[in-house]
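Visitor: Fold the following, please.
(chains A and B)
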Number of protein chains: 2
Amino acid sequence: MRKLFISALIIFWAVQLSNAQLIDEKKYNLMPWPNEITPGEGNFIIKKDFTVSILENGTQRLYQATTRFIRRLSGRSGVFFEEGFPNRKKDSSSFKIRIKREGKLKLLEDESYGITVHKNGIVLEAETDIGAIRGLETILQLLESNGDHFYIPSVTIVDSPRFPWRGLMIDVARHYQPVEVLKRNLDAMAAVKLNVFHWHLTDDQGFRVESKSHPKLHELGSDNQYYTHNQISEIVQYASDRGIRVIPEFDVPGHATAMLTAYPELGSKDTIYQIERYAGVFDPTLDPTNEKTYQVLEDLFSEMALLFPDKYFHIGGDENEGKHWNENTKIIEFKKKHGYKTNHDLQTYFNLRIQKILQKLGKKLVGWEEIMTPEMPTTAVIHSWRGVNEGLSPGASLIQAAKKGHHSILSTGYYIDRMNNVKDHYLVDPIPDPSNVTPQEQQLILGGEVTMWGELVTPLTLDSRIWPRTAAIAERFWSPRSVTDIAYMRKRLSVISFRLEELGITHLKNRDVILRNIANGFDIQALIELTKVCQPLKMYTRNKGGIEYKSYSPFTLFADACTTDAPDAYRFKNLVNAYVLDPKESKRTVIALLNSWVQNHGDLQSIKNRTPLTNDILKLSFALKEMSVFFLKMIKQEGVSKLDHATFIKLIEEAKQPHADVELVLNESFEKLFKHLKKNEL
Amino acid sequence: MRKLFISALIIFWAVQLSNAQLIDEKKYNLMPWPNEITPGEGNFIIKKDFTVSILENGTQRLYQATTRFIRRLSGRSGVFFEEGFPNRKKDSSSFKIRIKREGKLKLLEDESYGITVHKNGIVLEAETDIGAIRGLETILQLLESNGDHFYIPSVTIVDSPRFPWRGLMIDVARHYQPVEVLKRNLDAMAAVKLNVFHWHLTDDQGFRVESKSHPKLHELGSDNQYYTHNQISEIVQYASDRGIRVIPEFDVPGHATAMLTAYPELGSKDTIYQIERYAGVFDPTLDPTNEKTYQVLEDLFSEMALLFPDKYFHIGGDENEGKHWNENTKIIEFKKKHGYKTNHDLQTYFNLRIQKILQKLGKKLVGWEEIMTPEMPTTAVIHSWRGVNEGLSPGASLIQAAKKGHHSILSTGYYIDRMNNVKDHYLVDPIPDPSNVTPQEQQLILGGEVTMWGELVTPLTLDSRIWPRTAAIAERFWSPRSVTDIAYMRKRLSVISFRLEELGITHLKNRDVILRNIANGFDIQALIELTKVCQPLKMYTRNKGGIEYKSYSPFTLFADACTTDAPDAYRFKNLVNAYVLDPKESKRTVIALLNSWVQNHGDLQSIKNRTPLTNDILKLSFALKEMSVFFLKMIKQEGVSKLDHATFIKLIEEAKQPHADVELVLNESFEKLFKHLKKNEL
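Guide: A predicted model of the protein is given here:
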C-alpha cells in the first residue's frame, strides 16, 4: 500500500513548497490530505468543451466512475458539457486518464495515483483503476471558483494511503438501514478514500440477511427488515464499483438473540427468545457444546461466503458474559470434561471451531479483540475496540495483537456514535506511539474502522452521525502521520461536508426535516438557531442503561436534529477567548450574539402552544436566555458584584441541566467569561 | 368503486354538519377530502399506552402497513409507545382494525373504509385491507396537537373513491430514477390514496429494463441505468404492499431510439442509431412490416408479462410521425399492398398485431389516444393526453373513447412537468361536462393520471415537481366532484406538503441542497428569499426546441431550486389586492416586503465574486430591487407623475426578462399596483 506509481508524471514547476507550508497557506480543501502536493502556475478552466479520455487498459469500473465524475463536475459548476461520457481517443481530450491494470478488491491492492494539472489539461495516472478512482475524488476536491469560472488550479499530486484498511462499520441490526442509505454512504466513503465497508448484519435486535439455508433466521429474526441475496449482491457490486471491499459480520456466540428467536434450540438456556427491543449487553448466547450450532453456522457461513467475495469474514465474538453458560449444567459438564477453566476458554473452543469452518470456505477470520487468546492462529485479524471506557489503555489490544503476530485494526477512539466532537477522534492515531512497536509490528497494524453503532439512529439521522466527522478520521487513515493541524482540518471539513450533499448524504438537510416536524409546519428558524448551541447527550448518557429508548421509539426529536461540534458554541468559545484577551475587539460581537439568544427565546415562544414537542426545548432556550440577559448586564457594567456570584451559580446550574436529551454546550465559555469579569469585582 | 362498506359503523353523535359547512370551517387538513365526515365531541389523545389490534382476517399487507402507521404516529408525536407492533387481541386495544378480506390489486377493487374516532378509541373498518390502508392515511391526516398533547378529534368518516384509476406516471426513460426514488414516491402516492403507478420505462433516451430474452436492449440502450428483474419485482411488491397497481409502458413503435440502438435491424431506416440525448419527438420508428419486430416484441412482452402481474399493459403508441416510414420503399410497398392509405392505418395494423400478442399473454392493452382507430377493439383502454397545446379541445378523446365503448383515462390537464400552478390542475375534472356523457359512458371513464415527464428532472428534483401538486390532483380523482374550494385546498395542501417529508419526499429539503451548491458553501438565505418570488420557465419554454438541455446537462441550477406556486408572489398578490381596496391596512406590510427585496439584493451581492453561478440570478434580483425601490417611492408620494410612467414601463420590461431559466412572478401584481397608484396622478 505504500508503493507509488509515478512513471509518467512530469513535473512542470520550479517552485516547490513543503506540505507544512501549504498547510500554513490553507490553500486547498483536500481531505484526506495527499502525500505530496506541489502547486503550479495558472488554472485549468472548466468549459463546455471539457472532455475526458480513458487511455489504454480502461475498465468498466473506471468508465462508470469517470461518467459519475463528469456528472458531478457538471452539477457543481453548472457547465453544459458537450460530451457527457468519457471516450477512448488518445490525444484530443482535455483530461486524460491512464491506468496499468484492473485493481482487485483485496487487502494491500495498489491505490496510489498521480495528478498533474496545468492550464491546458489534466493527467491522472495510476497503477490500478481503484487508484484512479481515488484520484478522481481528489480532482473534484481541487475544484474552485471565482466570479467568472470554475477551475482546477495547476498542481502536481503524488499520493498513496498510509494504511491499507480504512473502514466504516455500519450496524444495521439495531436499526435497519435500507439499501439506498448504504449506497449513498458508500459514495461518501469513496469520496474520502475509505475502502472497507464493515457490515454489522446481526445482533440481538435483528438478523438482517435472507438465509436460504435457514430461512427462519430472517423470517423470525428481522421484523421483515432484511436484505435479500439480490440486494446484498447489489451492495457488494456497488461497493466494488467504488473500490470498496465489503466485510460482513455475523456476531457469535453472544449478541445472538435474533438468531435464537428463530432457533431457540441453539441457545444455552431453555427459554423463549424474542427479538430484543432495548439496547445493551444481553445474555442469550449460542450453545458451544451443541453440535447443531456448528451445523447451522456452517450452512449459514457457506451460503454467505458465496455472497460476500472478500477474503475476510467478521465473526464478532465480543461481549459474551457467559451468564447462560454458567446456568446450564450440560455446559458446565462440558467445560469440566475438556478442562476449560473459564468461559473465555470455552469461547476460544467455539472460536476455533468457527475458524476451521471459515478456513474450509477460504475465508480469514476477523473478530473483536476478545477472540485473541493464545490458541487463536495468527491468521485471525484482531479488531481492537476497548479503551478507557472499559478500563483499558486505548488500543492496548492492537499493539498486543501486533506483538503476537496478528494483523490488527483499530476502532477504539473512532466510536462516532458516542457523539464526541471531531477533534477527539481526529488525533487518535492507529499507531499511538511508534517507539513502542517495531517496524515489522507496525506493518501488521492494517489501519482502522469508524464504528457507527445503531441503537439511536434511523435512516433519517444516520448520515448526520457519520458525517462529516468520518471524513476527518478517513484522513487519519490515509494521510501522513504529521497531518494534525486542527484548525485547518476544521476549515477543510466544512467544505468537504457540504459537498457530500451531492452524493445524497442527508446530514445537513435532514436537520430541517426533523425541525419542521417538531414545529408542526410553523417557522423553524428559532429552532435552527438553538441547534447551533446544543448537542445530543454524549453516549451513552442519552439512553441511560439502554432502557429509555426501544428500537421502535421515535428518533425524530430535537436531539436527533442536533449534532456534535455545535457551530455557534464553537464561535462563542473563540469570541470569549478573544474577549478575555482584549475585550475591545470582540465586545460588540459577543453582545450581538447574547442579544440574538434573548431574541431567539422570544421567537420560540410563538410555537409553544401548538405542540407539546417544544416544551422541553423551551427549557434549554430559557436557560440560555436567562444566562444571556445576565451577561449582557455584566458586560455593560464591566464587572460583577458579590450578589452576581450567587446568580451566576444558579444560572450555570440551570444551563447544565439537559432537556430533551440535549445539552447546551456553552457552559465552559460562560464560566470562562464569568471568571474574567469576576476579576473586576465591583 | 362507488360501493361502500359501512356495516358496523356506529354513529355516536347527534350534531351533523354538511361537507360544505365543514369546508367553510376549514377544520380538517384532509386530502383527498372524504365522502362523508361528521365531527364528534372530544378528542382521542395519543399516549404511550396506545395499542393497535388487527381483528379477524388480518393480512400480511395490513400488518406491515399498520406497523408503518405506528412508526409514523410515534415519529410525528414523539410519544414513546410501549407497544411497537399491532397485535391480534380483540378487546383491549385503543385502536381496532377490522377487514373482511384481502384486497386484490385489480381495477375496481373495493377501497372504501369507515372510521369512528371517539375519546376512548378508534375503529377502522373496511371490506379489504386496501381500504383499511386508505383509512390509516386518513387517520394520520386527522392528527392534531396543542401545547399538551397530540390527539385525533372525534369524528366519523365514511369514504370511498370517485374514480377507480388514480394514477401517477413517472418517466424514467429521459432520466433514470433509482429504486429508492420510486419507493418514496409510492409511499407518497399511498398517502394521498393514488392507486396506479404507470411506469414509463422506455423511450428514445433509454430502455430501462433488464431483458433476459434480448439483453442487448438494456446493455446498449440504457447507459447502464436500468432496473434488474429483481428490482422490478421489488418495486411491484412495494407498490402492492401499499395497494398500488403497477402498469408498465413500453412505448412502440415510435419513441424507440433506445431499442433501435440495440436492434437497428428492427428500424424503419438503415442507419446508425444512438441513444438520444436531446428532448423532443424523433424519427426512429420500429418497422411494422418486419416480422422480426413482432418476434422481439413478443419475446419481450412475454418476459415482462411475468414481471408485471397487472392485467393492463401500456404500449405507448404516441407521436409517431412516420417520417422514416415515408422514406422506406419496402414500407411504402407494404402499405400499398395492404391498402393502407395513411401511416395511421399502418400503425393500426401494428397496434392490432401487438394487441394480439398481449391478448395471448392475458393482458389488456392501454395506449395513448393515437391508438384509437375504428379497428381497435374496445377492450383497449384509451389514455387521453392531447389538449389545447395540440390544437384540440381538452379531454376530447376521452369522451370520444367513452362514446365508442372504450374504457378511458385522462392526463390532459395533469401534465405537471409543464410547471403550472396547482389551481390550473386542480379544477380539471375527468368528466368536464357530465351533461355531454351518458351515465353509462361516465362509467367507462376510469379516472386520470398525473404525468411526470422526465426531460428536466433528476433524482434531486423529481419530487419537487411531483409534490405537493399531485396531492391536489389526487383529490380530484378521489373526492366528490363538488370539492373545489381553491383557498381551502391551498390551506390543506400546505400541511399535506410538509407531512410528505416523513415519507422521505425531498421536495422541501432539496431546494437548500441546490442553493448550497450554487452559493458554494456560503449563506443561502438571500437565495432562498429569491426562490419565493421566482418560478422556472413554464414548459416547454425552459428547454426551447429541446436543444438547450441534453440528458446529461446540469439540473442543479437556480431553476431547479424554484418550483411552481411561489409563496411570496402569492402573498404579494393578496397584499396588493388588499392595498388596492384600502391602502390603510396593508400599506405597512407592502412596504416591509418591498424593503426586504431591496435588502435581499444587497445580501446576494456578497457571494457574487465567489461563483459564476449567481451572475444570472443577480439580474433577477436586481430587477426586483429596482422595481421595489420604485414602488417604495411611489407609495411614499402616494401617486405617480408622468415621468414615472416611462420609468415603470422600463422596469416592468426588465422584470419580465427571464434569467437563469427562471422568471419573476410578481409582474401582474406590479402592474395592478401601478394602475392603482396611477389613478392619483401628481
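Visitor: Show me how far stretch A:497-511 is from its chain's centre.
Guide: Computed by Cα atoms, centre = their mean, to the nearest Å, the chain-centroid distance of stretch A:497-511 equals 14 Å.
Visitor: Quick check: mean pLDDT of it?
Guide: Stretch A:497-511 shows a mean pLDDT of 98.
Visitor: Please apply the same query to stretch A:113-128.
Guide: 97.
Visitor: With just CA atoms, put it into PDB.
Guide: Presented in PDB, the C-alpha positions along stretch A:113-128 are these (Å, rounded to 0.1, in the frame of the first residue of the first chain):
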ATOM      1  CA  TYR A 113      -2.200   7.700  -8.100                       C
ATOM      2  CA  GLY A 114      -0.600  10.800  -9.500                       C
ATOM      3  CA  ILE A 115      -2.200  14.000 -10.900                       C
ATOM      4  CA  THR A 116      -0.800  16.800 -12.900                       C
ATOM      5  CA  VAL A 117      -3.000  19.800 -13.600                       C
ATOM      6  CA  HIS A 118      -1.800  22.600 -15.900                       C
ATOM      7  CA  LYS A 119      -3.700  25.200 -17.600                       C
ATOM      8  CA  ASN A 120      -4.300  23.200 -20.800                       C
ATOM      9  CA  GLY A 121      -5.200  19.900 -19.300                       C
ATOM     10  CA  ILE A 122      -5.200  17.300 -16.600                       C
ATOM     11  CA  VAL A 123      -3.500  14.000 -16.500                       C
ATOM     12  CA  LEU A 124      -4.400  11.300 -14.000                       C
ATOM     13  CA  GLU A 125      -2.200   8.200 -13.800                       C
ATOM     14  CA  ALA A 126      -2.500   5.100 -11.600                       C
ATOM     15  CA  GLU A 127      -1.300   1.500 -11.400                       C
ATOM     16  CA  THR A 128      -5.000   0.400 -11.000                       C
END
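Visitor: Name the residues of it that are buried.
Guide: Of all the residues in stretch A:113-128, those buried under the rule 16 or more other Cβ atoms under 10 Å in any protein chain shown are A:113-118, A:122-128. In this view, the C-beta of every residue, glycine as well, is placed from N, C-alpha and C.
Visitor: List the contacts of the residue in the stretch 301-450 of chain A that chain B sits nearest to.
Guide: Nearest residue of the stretch 301-450 of chain A to chain B (Cβ to the nearest Cβ) works out as residue A:307 at 13.8 Å. Counting by Cβ atoms under 8 Å, 6 or more residues apart in numbering or on different chains, residue A:307 makes contact with A:229, A:232, A:233, A:236, A:248.
Visitor: before we move on, the earlier item: so which of the buried residues of stretch A:113-128 also contact chain B?
Guide: Applying Cβ under 8 Å from any Cβ of the partner chain, the subset of the buried residues of stretch A:113-128 adjacent to chain B is empty.
Visitor: Could you identify the most distant pair in those?
Guide: Greatest spatial distance among the buried residues of stretch A:113-128 (Cβ to Cβ): A:118 and A:128, at 24.4 Å.
Visitor: Check which helix or strand the one residue in the stretch 151-300 of chain A that gets nearest to chain B maps to.
Guide: Among the residues of the stretch 151-300 of chain A, residue A:180 lies closest to chain B, at 3.5 Å counting by Cβ to the nearest Cβ. Per DSSP states H and E, residue A:180 falls inside helix A:179-191.
Visitor: residues near residue A:299, how many?
Guide: When neighbours are defined as other Cβ atoms under 10 Å in any protein chain shown, residue A:299 has 15 of them.
Visitor: And it, its phi and psi?
Guide: phi -60, psi -50 (degrees, to the nearest 10).
Visitor: Please report how far it lies from residue A:222.
Guide: Using Cβ to Cβ, to the nearest Å, we find residue A:299 at a distance of 18 Å from residue A:222.
Visitor: domain ranges for chain A?
Guide: As assigned by automatic domain parsing, chain A contains the domains A:19-159, A:165-501, A:511-678.
Visitor: if I pick residue A:89, what's in contact with it?
Guide: Counting by Cβ under 8 Å, 6+ apart, residue A:89 has contacts residue A:53.
Visitor: low-confidence ranges in the stretch 151-300 of chain A?
Guide: Filtered on pLDDT under 70, the stretch 151-300 of chain A yields no residues whatsoever.
Visitor: Chain A too?
Guide: Scanning chain A for pLDDT under 70 picks out the ranges A:1-26, A:90.
Visitor: Of all the residues in the stretch 351-500 of chain A, which one is nearest chain B?
Guide: residue A:498 (5.1 Å).
Visitor: Over to that residue. Which of the three states is it?
Guide: The local conformation at residue A:498, judged by DSSP: H, G, I helix; E, B strand; the rest coil, is helix.
Visitor: roughly how far apart are it and residue A:427?
Guide: From residue A:498 to residue A:427 the distance is 24 Å (Cβ to Cβ).
Visitor: now residue A:632
Guide: Counting by Cβ to Cβ, the gap from residue A:632 to residue A:427 is 36 Å.
Visitor: repeat for residue A:359
Guide: From residue A:359 to residue A:427 the distance is 38 Å (Cβ to Cβ).
Visitor: Just to check, residue A:52 is in contact with residue A:95?
Guide: Yes - using Cβ atoms under 8 Å, residue A:52 is in contact with residue A:95, at 4.5 Å.
Visitor: tell me the phi and psi of residue A:246?
Guide: According to degrees, to the nearest 10, residue A:246 has phi -120, psi 120.
Visitor: Pull the contacting residues for it.
Guide: Going by Cβ under 8 Å, 6+ apart, residue A:246 touches A:196, A:197, A:199, A:235, A:236, A:239, A:240, A:308, A:310.
Visitor: List only buried entries from those residues.
Guide: Using 16+ other Cβ under 10 Å as the burial test, these include A:196, A:197, A:199, A:235, A:236, A:239, A:240, A:308, A:310 as buried.
Visitor: before we move on, back to that, ok, the residue of the stretch 151-300 of chain A closest to chain B - how many residues close by?
Guide: When neighbours are defined as other Cβ under 10 Å, residue A:180 has 18 of them.
Visitor: how far is the strand or helix carrying residue A:475 from where the chain is centred?
Guide: Residue A:475 is part of helix A:469-478, with elements assigned from DSSP H and E. A distance of 8 Å separates the centroid of the chain from that of helix A:469-478, by Cα atoms, centre = their mean.
Visitor: tilt between it and helix A:179-191?
Guide: Taking axes from the mean of the first three to the mean of the last three Cα atoms, to 10 degrees, one finds that helix A:469-478 is oriented at 40 degrees with respect to helix A:179-191.
Visitor: Having no further points to raise, I will conclude here.
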